[in-house]
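J.: just to be clear, the model below is a prediction. Sequence and coordinates:
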Amino acid sequence: MAKGSDDTPLMQQHKAIKQKYPDAILLFRVGDFYETFGADAITTSQVLGITLTKRNNGAASGASELAGFPHHALDTYLHKLVKAGYRVAVCDQLEDPKAAKGIVKRGVTEMVTPGIATNEKLLEHNSNNFLAGIHFSSEDVYGLAFLDISTGEFFVAEGNQEYADKLLQTLKPAEVIYQRNNQKTFKEKFGTKFYTYTLDAWIFDEAFATDNLLKHFQTHSLKGFGIENLHCGVIAAGAVLHYLKETEHPNLQHITNIQRLEKEDYLWMDRFTIRNLELLNTGSDDQLSLLKVLDNTVSPMGARLLKRWLLLPLKDINKINERLNAVEYLILQTDVRKQLQQLIKQCGDIERLVSRIPGKKINPRDVMHLAKGLHHAEQIKKICSNANNEYLKRLGAAINPCNYIAEKIFDEITETPPVAVNKGGAIKNGVSKELDELRNIASGGKQYLINIQQRETEETGITSLKIGFNNVFGYYLEVTNSHKNKVPVSWIRKQTLANAERYITPELKEYEEKITGAEDKILQLETLLYDKLITELQDFIAPIQNNGSVLAVLDCLCCFAQNAIQYNYKKPQLHEGFELELKASRHPVIERNLSAGEQYISNDILLDPSSQQIIILTGPNMSGKSALLRQTALITLLAHIGSFVPADEAKIPLTDKIFTRVGASDNLSGGESTFMVEMNETASIINNISQRSLILLDEIGRGTSTYDGISIAWSIAEFLHNSGCAPKTLFATHYHELNELEVKFSRIKNYHITNKEVGNRIIFLRKLAPGGSTHSFGIHVAKMAGMPPQLIDRANDVLKQLETKQEGSHNINTKKITAPQMQLSIFDEHSTTFAAIRELLENIDINRLTPVEALMKLNEIKGLLK
Ligand SMILES: Nc1ncnc2c1ncn2[C@@H]1O[C@H](COP(=O)(O)OP(=O)(O)OP(=O)(O)O)[C@@H](O)[C@H]1O
């Protein structure tokens, strides 16, 4: 504390602490309030909508801004500040103010930031809240660590920029920390959407990081975790642990493991694919995502795991089959599944409850919940051990019901304990002799007061005599004015009310001291006993946490079984060959979105690298091309997470990567409609394909002029065909010129989606059929839109000319097209309408015209006719 300062001692203390946390809002506990001062107060009052006042700090500094709120409202206000993007340091009183000599000792007990949140209000129960650390090496190697402090899950990974980006986009950390001098690079490589915080360079040092990890896990090497050769990953993980300590989070005993996220273990989907397939979000609230359709889990642990499974599908056929077989068993054994779901549901969020044990933030009600959860876990263990399925048996064996501590909790904690231990009544009778005695005194003392009241009433004849209590002078005897004259002289008057007087007696005071003394002692003793129990509970963190992970897996398996029954999904056959064969397959999300009475038309799909590697898919707008492409990818993905699939039969080859690319104009709402983006995205496929990849191209090339688009689409298809690794590809397009590819390349096949014209209407049959379609669908749609027949005839005419020209030359000049034979006799050649249409047509540069623009031009012409 600076001597000679004119600030009050309290403000000097505030200044000294604030200096250590300059970029955080300091919530400074003063009595029953958390106060903020100066700039912090201005921000806090704005964010929380609380009053901003001034406070006199001492002679020199004058007045400073002040904003505060009662201490019991901390949870509510803290999460608002953090949600608004602020870092908040909570500064508490570190000693009992009554016992303090001079100014109360204060210190920051916790720093809360978006990535380090344990408060339920800041967390979504079905999503992880990851803090990520990222380390950049001089080569293209990135080390990443992801830690969810609210569950104890800790992952580490290493890879190139694309992998780093994919993990960041997939796990969506709430906060990313990295080295201060990498600020520019981080923004260039990963964008500006993440909440970030930068740290000093010295923290990103391998020896320092290794030391941090070894100390934390209390091991001699990192070999046991299989991460010792992930040099950059270890640095990132070490930095994350350091950051937790720096932000006053020393109690990390629930972080018991660190897992390696190996790129090669998972089916790869880049972020365009995750977005295009609408796995997690659709961009519209009333549309379902795949996750929403699939998520019938019954616990938050299961919901969080399902999300991870969806984003990181397996590539190991044995592990996938293990899940599929367990799901099959749970479908057949409905009772087993229902019992498991019922029990898992009652267990609560074990992972998040456990994370509150190390800092002793777990309350008596949570502890009781945990003990009940352990009882349920024991029953789950029994059910799984009796199951006729190896994987379920193994999962059952992994559950540890921790009987000792569960029984101890049941023995010591009351059936319905209070939320806060200092409210009293958390510890059962019979746990401590001393506590029982004190409770007898407290309740016996109260009885004694009742006896005094009765005795004095009889002796004095004051029939209205009452014993009451207030905080100013404790217990008192209250006498209404009509009985005032009967009051004995030995009573001491303390208060006069409108119609009564209040008195105390020495006897009353004596018992009062006994009672209140006992009550204080009871609370102290209960807190002590509770604390002892929690200390013991700390030894069980690892097994309880492991139970949480096992329950999450069981929840997901039961959920898959339930989905299979409810949605009529079938077991896929994973194989190590390359053919993909689906019988009567459906789109899992669209079929759930259909209105009553509508039915999803199923389709057979075959992709075989030796004969039908690439399918060119044509069909009118809205016929179902994109749906067919996506259902192929989604079924492949579902099979790789161990789920049954929406198809009567599905032979799925082990797949290493799924790529989907959508032609730019489909992405207009995402603000990424440039052709450049489309080409960038497609280029990354070309550079990453393998024999086991599945590629979906939806109208690639349409972001540029027709001829450019066709040429690019053509050459991409040709490249994929001749690439040597024969990746399976579905290519939806409106360019029926691409049907020519089938003639030239042996493994490219044309398919179309059927439809039927009935009068003025088009009926979508939505069946996949061999052969390309040759229709000019744009003109067809114009006809459906009600354009005049003459105009449609003329459009067909122009189209024919264009097609003839195209066959002869690729450099069509619209100016050279023969002037139309005027059939639009309704116009006088010299009329203004005719002139306007002519000018419009002459100004069209067909080379640059996309199909959508052509439609809009037709619409413009129609407008001129009115
Ligand atoms: N097999 C099907 N059964 C029932 N409805 C379907 C089917 N396929 C698609 N649909 C419905 O048709 C709509 C349009 O499908 P989709 O977007 O796949 O058409 P598209 O041919 O790709 O159209 P465009 O060429 O305009 O992009 C879907 O949103 C869905 O509601």
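T.: Received it, and whenever you're ready, just let me know what you need.

J.: secondary structure class of whatever residue of the stretch 1-150 of the chain ends up closest to the ligand, three-state.
T.: When scored by Cβ to the nearest ligand atom, the stretch 1-150 of the chain has residue 126 as its residue closest to the ligand, at 26.8 Å. For the C-beta atoms, the positions are set from N, CA and C on the backbone; glycine is no exception. At residue 126 the chain is in coil, as set by DSSP: H, G, I helix; E, B strand; the rest coil.

J.: wait, isn't it in contact with residue 308?
T.: No - look at residue 126 against residue 308 with Cβ atoms under 8 Å: they stay out of range, at 11.3 Å.

J.: what's the local residue count around residue 40?
T.: Other residues lying near residue 40 total 24 when counted by other Cβ atoms under 10 Å.

J.: what helix or strand is it on?
T.: Assessed by DSSP states H and E, residue 40 sits inside helix 38-48.

J.: ok, residue 327 - contacts?
T.: Shown in contact with residue 327 (Cβ atoms under 8 Å, 6 or more residues apart in numbering): 557, 560-561, 564, 571, 642-644.

J.: just these now: which is nearest the ligand?
T.: residue 644 (19.4 Å).

J.: show me where the stretch 51-200 of the chain has helices.
T.: Secondary structure of the stretch 51-200 of the chain (DSSP state H, counting those that start in this stretch): helices located at 74-83, 161-171, 183-190.

J.: show me what the second one is packed up against.
T.: Contact here means 3 or more Cβ pairs under 8 Å, 6 or more residues apart in numbering; DSSP states H and E; on that basis helix 161-171 packs against strand 131-136, strand 142-148, strand 153-159, helix 183-190, helix 271-276.

J.: ok, back up a step: of the helices of the stretch 51-200 of the chain, which is nearest residue 460?
T.: helix 74-83 (49.5 Å; Cβ to Cβ).

J.: hang on, isn't residue 538 packed against residue 356?
T.: No - the pair residue 538 / residue 356 is not scored as a contact, 11.2 Å apart, by Cβ under 8 Å.

J.: between those two, point out the one with more neighbours.
T.: Legend: neighbour count by other Cβ under 10 Å for residue 538 and residue 356, higher for residue 356 (20 against 14).

J.: you'd agree the more buried one is in a helix?
T.: No - secondary structure of residue 356 (three-state DSSP): coil, not part of a helix.

J.: circling back: so which elements touch the helix holding residue 40?
T.: strand 25-30, strand 33-37, strand 63-70, helix 74-83.

J.: let me see the domain layout of the protein.
T.: Residue ranges for the domains of the chain, per automatic domain parsing: 9-112, 125-265, 280-428+539-566, 433-534, 573-775, 790-865.

J.: for the shortest one, how far is the first residue from the last?
T.: Length of domain 790-865, first residue to last, Cα to Cα, to the nearest Å: 11 Å.

J.: shaky segments in this protein?
T.: 1-5, 57-62, 663-681, 702-705, 759-761, 774-778, 781, 784-785, 805-832, 866 (pLDDT under 70).

J.: closest residue of it to the ligand?
T.: For the chain, Cβ to the nearest ligand atom, closest residue to the ligand: residue 624, 2.8 Å.

J.: how many residues are close by that residue?
T.: Neighbour number of residue 624 under other Cβ under 10 Å is 25.

J.: numbering from 43 from now on, please.
T.: All set: I'll call the first residue 43, so the last point we hit is now residue 666.

J.: helix/strand/coil for residue 641?
T.: coil.

J.: what distance do you get for it to residue 627?
T.: 14 Å (Cβ to Cβ, to the nearest Å).

J.: go on, residue 799?
T.: 27 Å.

J.: higher neighbour count, these two?
T.: residue 627 (25 against 13).

J.: does the more buried one really touch residue 676, like I thought?
T.: No - look at residue 627 against residue 676 with Cβ under 8 Å: they stay out of range, at 9.4 Å.

J.: which residue ranges form the helices in the stretch 443-592 of the chain?
T.: Under the criterion DSSP H, counting those that start in this stretch, the stretch 443-592 of the chain contains helices at 445-454, 475-502, 548-579, 583-609.

J.: any chance of the helices and strands packed on helix 80-90 in a markdown table with distance to residue 272 as columns?
T.: As requested, the helices and strands packed on helix 80-90 are exported to a markdown table (distance: least, Cβ to Cβ, whole Å):
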| stretch | distance to residue 272 |
| --- | --- |
| strand 67-72 | 36 |
| strand 75-79 | 42 |
| strand 105-112 | 45 |
| helix 116-125 | 31 |
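
J.: now distance to the ligand and mean neighbour count too, for those, in JSON lines please.
T.: Converted to JSON lines, the helices and strands packed on helix 80-90 look like this (distance: least, Cβ to the nearest ligand atom, whole Å; neighbours: other Cβ atoms under 10 Å):
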{"stretch": "strand 67-72", "distance to the ligand": "47", "mean neighbour count": "23"}
{"stretch": "strand 75-79", "distance to the ligand": "52", "mean neighbour count": "22"}
{"stretch": "strand 105-112", "distance to the ligand": "50", "mean neighbour count": "18"}
{"stretch": "helix 116-125", "distance to the ligand": "35", "mean neighbour count": "18"}
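
J.: what number of residues lie near residue 539?
T.: Neighbour number of residue 539 under other Cβ under 10 Å is 10.

J.: go on, the one 5 residues further on?
T.: Here the count is done by other Cβ under 10 Å, and residue 544 has 20 residues near it.

J.: wait, what's in contact with residue 338?
T.: Counted by Cβ under 8 Å, 6+ apart, residue 338 has contacts 601, 604-605, 608.

J.: which one of those has the most neighbours?
T.: Within the contacts of residue 338, neighbour counts (other Cβ under 10 Å) peak at residue 601, which reaches 25 neighbours.

J.: surely that residue is in contact with residue 343?
T.: No - taking Cβ under 8 Å as the definition, residue 601 is not a contact partner of residue 343, at 11.8 Å.

J.: since that was my last question, I'll sign off now.
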